[in-house]
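[1] attaching a predicted model along with its sequence, questions to come.
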Amino acid sequence: TGSSRPQRMLKAVQKNATKGDPESVISAIDYYCRHKEWAMNVGDEKGLILDSVLTEVNPSTALELGTYCGYSTVRIARLLSPGSKLITVEFNPAFAAVARQIIAYAGLQDKVTLVEGPSGDLIPKMKARFGIKSFDFVFLDHWKDRYVPDTKLLEDCGLVSEGSVLLADNVICPGAPEYLKYVRNSPRYESRYYKSNLEYTKVEDGLEKSVFLG
Ligand SMILES: Cc1ncccc1-c1cc(O)c2nc[nH]c(=O)c2c1
Ligand SMILES: [Mg+2]
């Protein structure tokens with residue numbers, strides 16, 4: 001039996017990146033996915049928008065829904081201030097296994113807690129398990145049909161507070177129309193669309209940034 005796309009991505013990191021150097025891990029993945037084999041990382045173009053929003057928010061506690069191979073996990077963790085924490089949730093064990101290795105290769109394992117399982121089950125356990133008061137920043141990058149239910153869950157569990165920033169990937173491609181309606185029509189959010197392109201392509205996609213108003 002052959003290797004998987006995530007396993008081939010890990011091999012490319014181990015071959016082309018420098019251990020403990022997050023920038024080289026990011027570059028190695030972007031090079032591999034642009035020139036060898038496409039994969040659903042947020043990518044270099046939308047990644048710059050993610051970086052700028054992160055730098056603005058400078059979160060103490062951040063949540064990522066949808067780890068995949070850990071590309072955006074590394075992008076986020078590399079910009080966190082000392083003592084800040086990122087919790088990342090991945091449903092697929094094979095993806096999680098590769099992500100752990102890529103996060104460790106970047107030397108960021110002390111800033112990241114990777115939790116395996118369905119986001120809908122894990123979100124209600126976050127406070128008890130990790131002593132989280134609320135998340136300053138949430139990156140939604142898992143499954144479009146979970147964007148609205150998980151956002152409502154975060155609200156109901158008191159895991160977002162006034163000023164918390166939600167940043168959602170793929171709101172155009174594959175598209176999250178219900179999510180856009182939800183955050184754009186709700187008086188509890190101030191939303192803004194960042195136009196970009198689907199990772200490693202010329203297809204339009206974008207990120208939606210929504211500030212929770214409390
Ligand atoms: C896989 C795919 N094919 C064609 C077009 C877009 C995608 C695509 C791109 C992404 O950035 C994704 N992020 C999180 N979860 C996804 O399912 C996902 C899917
Ligand atoms: Mg995505």
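    Thanks, I have the structure now. Ligands and ions are numbered 1, 2, ... in the order given.

[2] who are the neighbours in contact with the residue of the chain found nearest ligand 1?
    Distance from ligand 1 to each residue of the chain (C-beta to the nearest ligand atom) is smallest for residue 40, at 3.8 Å. C-beta coordinates here come from the backbone N, C-alpha and C atoms, glycine included. Listed by C-beta atoms under 8 Å, 6 or more residues apart in numbering, the contact set of residue 40 reads 68, 199.

[3] assign it to helix, strand or coil.
    At residue 40, secondary structure determined by DSSP: H, G, I helix; E, B strand; the rest coil is coil.

[4] check the one 4 residues further on too.
    Using three-state DSSP, the structure places residue 44 in helix.

[5] that one touches residue 29, doesn't it?
    No: contact criterion C-beta atoms under 8 Å: residue 44 and residue 29 do not qualify, at 9.2 Å.

[6] of these two, which one has the most company?
    residue 29 (26 against 18; other C-beta atoms under 10 Å).

[7] leaving aside the residues next to it on the chain, what's closest to the more buried one?
    residue 71 (5.2 Å; C-beta to C-beta, 6 or more residues apart in numbering).

[8] could you report the neighbour count for that neighbour?
    Neighbour tally, residue 71, other C-beta under 10 Å: 29.

[9] that one touches residue 26, doesn't it?
    Yes: with contact defined as C-beta under 8 Å, residue 71 counts as touching residue 26 (7.0 Å).

[10] contacting residues for the closest residue to ligand 2 within the chain?
    The chain approaches ligand 2 most closely through residue 169 (3.7 Å), counting by C-beta to the ion. Residues in contact with residue 169, defined by C-beta under 8 Å, 6+ apart, are 42, 46, 66, 72, 139-141, 205, 207.

[11] mind checking which of those residues are in strands?
    Among the contacts of residue 169, the members found in strands (DSSP state E) are 139-140, 205, 207.

[12] in JSON lines: these, plus neighbour count and pLDDT.
    What follows is the ones in strands among the contacts of residue 169, written out as JSON lines (neighbours: other C-beta atoms under 10 Å; pLDDT from 0 to 100):
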{"residue": "139", "neighbour count": "27", "pLDDT": "99"}
{"residue": "140", "neighbour count": "28", "pLDDT": "99"}
{"residue": "205", "neighbour count": "22", "pLDDT": "98"}
{"residue": "207", "neighbour count": "23", "pLDDT": "98"}
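
[13] mind listing the helices for the chain?
    Per DSSP state H, the chain carries helices over the ranges 5-16, 22-35, 43-57, 71-77, 93-105, 119-122, 126-130, 147-156, 177-185.
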